[in-house]
Structures are given as C-alpha cells and as structure tokens.
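Engineer: using only what follows, build the 3D model:
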Amino acid sequence: MIIGKKFTFAASHQLWRQDWLEAKNREVFGRCSRLHGHNYYVEIELEGKVQDEDGMVLNYYELGDIIKVLDHRHLNDILPTLPTAENLSLFIGSLVDKKIAEKDNTDARCLRVLVKETDSSFAVYMA
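Structural biologist: So this is what the prediction gives:
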C-alpha cells in the first residue's frame, strides 16, 4: 500500500557559506544569499503493509508532527546542511525514517519527499 500526505509551512532561510567571501556567496546563491522566506509545499509518500491493529500504514498525524518542527522557523537553525530544497527534502526524509523506526509494528518506509520552495522550484528525494 502507498499512502501520502500534503503539507504547507512557512519558514525562512539564507543560503550562505561562512567559509566563502561575500562576493562568492552572492555569485553562487544570488538573491537567496539574503535572509528570506518561503511558503513551502511538501508531499510525503510511504509504502508499507496495512496494520491489522489500526488499519493504517502509519497515522497521518505522525507525519504532521514532523512538519510542525519546521513551521515558522529559520531553517538554518534546524538543518545540519545548507537549507536548499534538495537538503530539506533529504532532511524531511530522514525525519520520516526516524519516526518509522520508533514504531514497533510497521514495515513502512519512506518512498518520496517532494519540497517546493516556489510554484516553479522543487526537489524530490526518492528513497
């Protein structure tokens, strides 16, 4: 069975490397080198067996708990890497995998995490 959930959240970020000079940061990251925010759109897909006990692969609320830690936050303070859409999709995928690992009675696994920063810019993590 494949299940999915869609989310939106608002967060700020800044693409900036401290080990680079300002000119290089501005050249590589352009406008994203300035502190700014996005209204992110996220899709998470899981695959697993429907559990007899509760009739679910994983409770959708548990996926929502993952996104809540990102909402109205500065992503530079949360992600261990530059907060690009690519790294954010990987980070959310790791949080989903961690949530699944905490469960004793599921064989679920994260299949896909799509992160859209804008209507035309997105990254997809495929497990």
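
Engineer: next helix or strand past the helix or strand encompassing L63?
Structural biologist: Secondary structure assignment for L63, by DSSP states H and E: helix 60-68. Counting by DSSP H and E, the element after helix 60-68 in chain order, helix or strand, is strand 73-74.

Engineer: shaky segments in this protein?
Structural biologist: Counting by pLDDT under 70, the chain has no low-confidence residues at all.

Engineer: for it, what spans make up the helices?
Structural biologist: Using DSSP state H, the helices assigned to the chain run over residues 22-29, 60-68, 85-101.

Engineer: so of those helices, which one's packed in deepest?
Structural biologist: Across the helices of the chain, averaging neighbours per residue (mean count of other C-beta atoms under 10 Å) puts helix 85-101 on top, at a mean of 19. For the C-beta atoms, the positions are set from N, CA and C on the backbone; glycine is no exception.

Engineer: what lies in contact with that one?
Structural biologist: 40, 42, 44, 46, 58, 62-63, 65-67, 69-70, 75, 78-81, 106, 108-110, 113-117, 121-125, 127 (C-beta atoms under 8 Å, 6 or more residues apart in numbering).

Engineer: tell me the angle of it relative to helix 60-68?
Structural biologist: Our comparison of helix 85-101 with helix 60-68, counting by axes from the mean of the first three to the mean of the last three C-alpha atoms, to 10 degrees, yields an angle of 140 degrees.
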